[in-house]
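Visitor: Below are the sequence and a predicted model; questions follow.
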Number of protein chains: 4
Amino acid sequence: MTKLKPFLSDNAAPVHPNVWEAMRTADSADNPYDGDALSAQLDARFTDLFGRECAALWVATGTSANCLALGTLCQPHGGVVCHEEAHIEVDEGGAPGFYLHGAKLIHASGDGAKLTPAGIAAVIDPIRDDVHQVQAHAISITQASEYGRSYTPQELTALCDFAKTRGLGMHMDGARFANAAAFLGGSAAVAAGDVDSLAFGCIKNGAMSAEAVILFDPDRAAEVKYRRKRAGHLQCKGRYLAAQILAMLNGDLWLSNARHANAAAQEIAAGCGDRLMHAVEANELFVRLSGAERDALRSQDFAFYDWGDDAARFVTAWDTRAEDAAALGKAIASL
Amino acid sequence: MTKLKPFLSDNAAPVHPNVWEAMRTADSADNPYDGDALSAQLDARFTDLFGRECAALWVATGTSANCLALGTLCQPHGGVVCHEEAHIEVDEGGAPGFYLHGAKLIHASGDGAKLTPAGIAAVIDPIRDDVHQVQAHAISITQASEYGRSYTPQELTALCDFAKTRGLGMHMDGARFANAAAFLGGSAAVAAGDVDSLAFGCIKNGAMSAEAVILFDPDRAAEVKYRRKRAGHLQCKGRYLAAQILAMLNGDLWLSNARHANAAAQEIAAGCGDRLMHAVEANELFVRLSGAERDALRSQDFAFYDWGDDAARFVTAWDTRAEDAAALGKAIASL
Amino acid sequence: MTKLKPFLSDNAAPVHPNVWEAMRTADSADNPYDGDALSAQLDARFTDLFGRECAALWVATGTSANCLALGTLCQPHGGVVCHEEAHIEVDEGGAPGFYLHGAKLIHASGDGAKLTPAGIAAVIDPIRDDVHQVQAHAISITQASEYGRSYTPQELTALCDFAKTRGLGMHMDGARFANAAAFLGGSAAVAAGDVDSLAFGCIKNGAMSAEAVILFDPDRAAEVKYRRKRAGHLQCKGRYLAAQILAMLNGDLWLSNARHANAAAQEIAAGCGDRLMHAVEANELFVRLSGAERDALRSQDFAFYDWGDDAARFVTAWDTRAEDAAALGKAIASL
Amino acid sequence: MTKLKPFLSDNAAPVHPNVWEAMRTADSADNPYDGDALSAQLDARFTDLFGRECAALWVATGTSANCLALGTLCQPHGGVVCHEEAHIEVDEGGAPGFYLHGAKLIHASGDGAKLTPAGIAAVIDPIRDDVHQVQAHAISITQASEYGRSYTPQELTALCDFAKTRGLGMHMDGARFANAAAFLGGSAAVAAGDVDSLAFGCIKNGAMSAEAVILFDPDRAAEVKYRRKRAGHLQCKGRYLAAQILAMLNGDLWLSNARHANAAAQEIAAGCGDRLMHAVEANELFVRLSGAERDALRSQDFAFYDWGDDAARFVTAWDTRAEDAAALGKAIASL
């Protein structure tokens, strides 16, 4: 069987060797739940990473990470403004409705699945200030966005200032936070801006089953710990999750993995010219390709998803082979 | 003080004398909750009215009526398709999210706040059949619509057939069901089509605090009774609610009140010409009027709400004075 | 048919004439929802009644009043300590679970369905301070209790002090608050102690369909208003509810009605001797009576509920005829 | 540092080598979520194991496994009967309230944390068949129980028959199902009886982070899959969870691990005589020991939890050293 050149997604990539090693080391006996020595390091490690105090909790999925964080920012009778194509709106199976006890997602528009103060104002300003309409309590943005776009520091400042002015909490879905941070120069602090909470993604970037919920108001951690347990997300062998996250932080593996994926994406982008639907600012490419062109690529063993009728999505990962990326870029350029 | 000519809404109209009388009669001692002799009549009376078997339960608000009915048609992990301007979406304070335990409202478009099979298909066909996306479980339509439009029997048949084909439940928000039924010729059965549940509105039509939840699958009544109690809507002196509903049914007061309101609306419409934004098929008018024109009307003591910057909404009610309606029609025609 | 002497419950009693009159007066047009002139008076009237600042909102049932208030004191992941026979535990159809989004009722014991600091400590002290166990967030007591017992000022002080010390919110279910206040000398402030919230009952005491949610932290009122709407309890003709409550307050009708009912209860108690299972401190009597004795009473046209196999419950109301109460007392004494 | 002899719990035991190996093998690329080749085997493997058709889904915790299964058996307005000391009641942080949208846990009593038809009847028979009281929809039992007791086939038959007669669903919390099955002779079918759903525990028995939700009505699987995603429990690299479960099934590792732990427990039990508070029918021992006696054991490097003031709990695991168990048995016998 021919070996596929896989660009379907980063969400099924294998586990990075460093992560495997860290998990094996965690085998030695320790306290259950998050009482172990590894989990105990998370707050300090992330405080160091972001340069401001925060609490950090592991969970097994990005969906639960987002929802647990949003629960600290939005009451059940409130709403969370998100992009109409945000993952929490279209791809989390209604989890925000479950975790937020029926709170509403309020849909805003914006290029490249990115929100702007103007785009948010356009949907919340018309909300009458009365009990008949669900009021916005928080905003959720995705860094990098669902179209692989990264928020610049200036954009983040504008959004966070807007949120503060309006009294809204600010959450960041960071399923591909590492890719955005790598694109923006490598600073976690810069890529996170002044958000209140962040789902720091590890799974798409080389981990197996651990994301970190980052709360920049550490006083919220106690509440989230109760809600994590209540949601059935407090694993008794939590040390294996902490180990994964620490492995990602150690030696900045999170960044080097993301840089690798981003570089592969740029390699492909170089062959795409004006076929690109969105600037490539992380590890995803959305490329205009006819059905025949996609067939041609698939006949060369490239694996990827269609994106509607006239385009394709390519995702690179920490384990993308450089030669596969180069080959894909060339193949597209040759179409 | 000058007497206002009120066209703000039908939702604060006084209680009809027949309703008052029925309530007073209910004063005599009886069983609490819905164990009284009046509540016991509701199923049969509505079965008679609609010509098909149904269960009927009183509640105090349209919001709770809609939500209790929708709860029989949609699981917490599902969604309800409704018009993007539907009352349940924009004016019920997120109640569907609460009652349906986080289920999602899926927004469809359509002229005059009316849904069509095509409009619904446009939003549910793109939903991938996988667990990442919330699947539609039910449809909710409003009869008459939020813009005072009535669904014709043909339209209802098309919608109910569509719902059946797709395996979706079908609910009707009938806050102004009487006005639609009156417009359509006076048959409750015709105005309800083949829906699975109906919030039969009485409050805007002369009652004080009673709507009827109609379940055309009477087996659902037991579940709704538990959920009504659980929602704090089982009043211990329920006989006063049953009395209101029975008073509306007696002698077809529900129809005559609605006909009165509709006639007043037509009287006004006659003066509006092409200022009308929507056909007048119930008791609401949306009329293009500049700020100066609205000022002119208000200076003649007409009371009404602005509808955006260039229009006004007028609502008639069971107690609208015919001379006020005629005067308003003339005043608009004279602008 | 013989006229029954009704002691089944106070929850189906007719509406007091003053209340009817106030409701009729409310017929004149006004703003919808709680924007009317009557609703606007509630805060001030109750602030005056209790001698401390509070917000007051009408709802149609005691169940919703309790649950909306409790929602301000307990997070979804927390618990509310209540007596194991509390109405919210055994007779509200699981409404607290619904309104509090799955929060837990923690059952404590106590004579006469009354809680004490020791009784509460006995159930919350063993709760481990970890995320595996639901922590208590609030306490709910019933004044008068489910067995017709009233909390004395000393008992209330002890409980409220205990709650403060433990960081717990304190709610009072006052379905029969008036009866307790009347028993305790007539002061609402004394009967409420220092609780954080109170469901001020009117329905069992002569109203039709209005209870008042009292929030002694008025800043909570905005949240409760959103949640009231969300629960489908914001009636558009709310003025008829406000009218009922104001009628109860006017001329202290709430107290005189309760005094009447309490006096009738004492009249009966006088005939019960040591048959009484609980001191009679409101308008309910729990009386040891064999099956034969109950038959004998029923043959004399007294209507009441069995209370288990060897007892009966008698409830008096604002409209209990003095001669019926006297007759019942005598009949029991003669058994 | 002296090496501890650990009997604290089985919930932090290391991962079994076979499980590690299976996980590593799963590294090779495959479909995300549960679309992989390993997850696809689960239904058939468990159908084979239980000898009746079932669906099997992985989740990361016992709490989520129990709650997802219970959600198929109990509506939000219903209740689940469980032992007053059941894990779902006292140790899951209120998760059932969250997952079941406010449904109630109804507490029954029984020796050794085991339920009986009589014990269940004692709490559900007094529930009035009206909407004011939460009705039981399901029963949940724990196999082995929270006190390490196993339900015999006869007891299971009696319970399942009772459930059917009463129209109640029947769930089994099998956090230590393997230990019960091993004790009962090694048949999964015998240990599960005729329950409707089972949380098949792997984590305490050698896995890292995977339990299996078993639905003996496979038609329920689709609903549970939606709810698993909605609860944030659908891991994108689900193949690593499936791998763990399959490793447990392969060569009956689940049984041999449990037999090892059970044998160690029996070794200890042999030294306990009448200090035992409960028959040892799985891998937990509850032993009467004074404070001084516990001190003496700890001074010999035995690690365990106090159980109240006069007892201790010892738990064995798949990795308990036989010599440690023997030493503990002797040490207790020598006290």
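Guide: Yep, it's here. Quantities reported herein were computed from a predicted structural model and do not represent experimental measurements.
Visitor: If you count neighbours, what's buried in the helix or strand harbouring A:Ala327?
Guide: When secondary structure is defined by DSSP states H and E, A:Ala327 falls within helix A:322-333. Neighbour-count burial for helix A:322-333 flags A:324-325, A:327-329, A:331-332 (criterion: 16 or more other C-beta atoms under 10 Å in any protein chain shown). In this view, the C-beta of every residue, glycine as well, is placed from N, C-alpha and C.
Visitor: Let's have those residues in a markdown table, adding distance to B:Met248 and pLDDT.
Guide: Putting these into a markdown table (distance: C-beta to C-beta, whole Å; pLDDT from 0 to 100) gives the following:
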| residue | distance to B:Met248 | pLDDT |
| --- | --- | --- |
| A:Asp324 | 72 | 97 |
| A:Ala325 | 71 | 98 |
| A:Ala327 | 74 | 97 |
| A:Leu328 | 69 | 98 |
| A:Gly329 | 72 | 98 |
| A:Ala331 | 71 | 98 |
| A:Ile332 | 68 | 98 |
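Visitor: Can I get those residues in JSON lines including distance to chain C?
Guide: Formatted as JSON lines, the entries for the buried residues of helix A:322-333 read as follows, by distance: C-beta to the nearest C-beta, whole Å:
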{"residue": "A:Asp324", "distance to chain C": "45"}
{"residue": "A:Ala325", "distance to chain C": "44"}
{"residue": "A:Ala327", "distance to chain C": "50"}
{"residue": "A:Leu328", "distance to chain C": "47"}
{"residue": "A:Gly329", "distance to chain C": "49"}
{"residue": "A:Ala331", "distance to chain C": "52"}
{"residue": "A:Ile332", "distance to chain C": "50"}
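Visitor: Go through the worst-scoring helix or strand of chain A on mean pLDDT and list whatever outside residues touch any part of it.
Guide: Lowest mean confidence among the helices and strands of chain A (mean pLDDT, DSSP states H and E): strand A:5-6, at a mean of 90. For strand A:5-6, the external contacting residues (C-beta atoms under 8 Å, 6 or more residues apart in numbering or on different chains) are A:300-303, A:320-321, A:324, A:327-328, D:29.
Visitor: any idea which of the residues you listed is closest to chain B?
Guide: Each of these was scored against chain B by C-beta to the nearest C-beta, and A:Ala303 proved nearest at 18.8 Å.
Visitor: In contact with that closest one, which residues?
Guide: Contacts of A:Ala303 (C-beta under 8 Å, 6+ apart): A:4-8.
Visitor: Can you say which of these are buried?
Guide: Using 16+ other C-beta under 10 Å, the buried ones in the contacts of A:Ala303 are A:5-8.
Visitor: And chain D, is the helix holding A:Ala327 touching that?
Guide: No: where contact is defined by C-beta under 8 Å from any C-beta of the partner chain, no part of helix A:322-333 touches chain D; the two come within 12.4 Å at best.
Visitor: so how far is that helix from its chain's centroid?
Guide: Relative to the centre of its chain, helix A:322-333 is centred 26 Å away, using C-alpha atoms, centre = their mean, to the nearest Å.
Visitor: what does stretch A:151-167 give?
Guide: For stretch A:151-167, the distance between its averaged C-alpha position and the chain's averaged C-alpha position is 18 Å (C-alpha atoms, centre = their mean).
Visitor: Show me which residues of the stretch 1-150 of chain A are close to chain C?
Guide: For the stretch 1-150 of chain A, the residues found near chain C under the criterion C-beta under 8 Å from any C-beta are A:75-77, A:101, A:131-132, A:135.
Visitor: among those, which are in reach of chain B?
Guide: Restricting the residues of the stretch 1-150 of chain A next to chain C to those touching chain B (C-beta under 8 Å from any C-beta) yields A:76-77, A:101, A:131-132.
Visitor: and whatever residue of the stretch 1-150 of chain A ends up closest to chain D, backbone torsions?
Guide: Among the residues of the stretch 1-150 of chain A, A:Ser64 lies closest to chain D, at 3.1 Å counting by C-beta to the nearest C-beta. Backbone torsions of A:Ser64, given as degrees, to the nearest 10, read phi -70, psi -30.
Visitor: hey, where'd the strands end up in chain A?
Guide: Defined through DSSP state E, the strands belonging to chain A, from first to last, are A:5-6, A:55-59, A:79-83, A:104-108, A:136-142, A:169-174, A:197-200, A:211-215, A:284-288, A:302-303, A:305-306, A:311-315.
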